[in-house]
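In: What follows is a predicted structure for the sequence shown.
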Amino acid sequence: MKPNEELLHKIGIVRNRWKAFIWARGLALVLGVLAISLFIGLAMANSISLPTGAVTALRLGMVVLFAFTLVRALILPLRRIPDDKQIARFVEEKNPGLEDRLVSAVETVHKPESQQNVFTTLLVKDALDRTKNVKFTDQVNKRKFGMFAALSGASGLALIFGLYISSLFFPVGAARLLGGQVGIVDDLRAE
């Protein structure tokens, strides 16, 4: 592998970890908001005295909240992907011993071929030598990544479990909010 390609490959490793971190964090937030709003919505819809229009507004509110959280926590952060120079600066902040060598090497690699010379090759090799002991896979905080991944899993399980047992604890609310059965309230009032 050429030195330029090796350097860009190392930068790509950090970018992929960053994207995975953004996915885990965003998914944890989206699933958490969805599970909490579902629980609150079921509790509110379980009230027999709640009018049909309020249940419809509650559904709409839940959809709007879900869409807002999805855009804010996942879509927008994933659209702002840092370029190679920004990632190199991030790595240098975590490893102060690199002394701007990585950023300089990345900047010269991205220059047009006509402007690259022997100095470029030496600069890239120096940056690669300096980064031999740098673990590029560990640049994104593993503890936070693991926490958000666990939160995503727990929120997903809570959502699935909540949907499964919603008919047991919120029989009226589940039918009204999820099933769209408005007539069940009239049947309960008649009894």
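Out: That came through fine.
In: what about whichever helix or strand residue 40 is part of, distance to the chain center?
Out: In the assignment (DSSP states H and E), residue 40 maps to helix 3-45. With C-alpha atoms, centre = their mean, to the nearest Å as the basis, helix 3-45 stands 2 Å off its chain's centre.
In: just checking, what packs against it?
Out: Packed against helix 3-45 by the contact rule (3 or more C-beta pairs under 8 Å, 6 or more residues apart in numbering; DSSP states H and E) you find helix 52-70, helix 76-79, helix 84-94, helix 101-109, helix 118-130, helix 142-169, helix 171-177. Placement of C-beta: from N, CA and C, glycine included.
In: helix/strand/coil for residue 134?
Out: Following DSSP: H, G, I helix; E, B strand; the rest coil, residue 134 is assigned to coil.
In: Phi, psi for it please.
Out: The phi/psi pair for residue 134 (degrees, to the nearest 10) reads phi -90, psi 130.
In: Excluding covalently adjacent residues, which one is nearest to it?
Out: Nearest residue to residue 134, sequence neighbours excluded (C-beta to C-beta, 6 or more residues apart in numbering): residue 95, at 5.4 Å.
In: Enumerate every residue touching residue 65.
Out: Neighbour list for residue 65: 33, 37 [criterion: C-beta atoms under 8 Å, 6 or more residues apart in numbering].
In: Next one: it, what pLDDT does it get?
Out: Turning to residue 65, the model gives it a pLDDT of 95.
In: how far away is it from residue 57?
Out: As judged by C-beta to C-beta, to the nearest Å, residue 65 and residue 57 stand 12 Å apart.
In: returning to what we had before: nearest to residue 6 among the helices and strands packed on helix 3-45 would be which one?
Out: helix 118-130 (6.2 Å; C-beta to C-beta).
In: Show me what the closest one is packed up against.
Out: Helix 118-130 packs on helix 3-45, helix 101-109, going by 3+ C-beta pairs under 8 Å, 6+ apart.
In: Pull the number of nearby residues for the residue nearest to residue 134.
Out: Residues contacting residue 95 under the criterion other C-beta atoms under 10 Å number 16.
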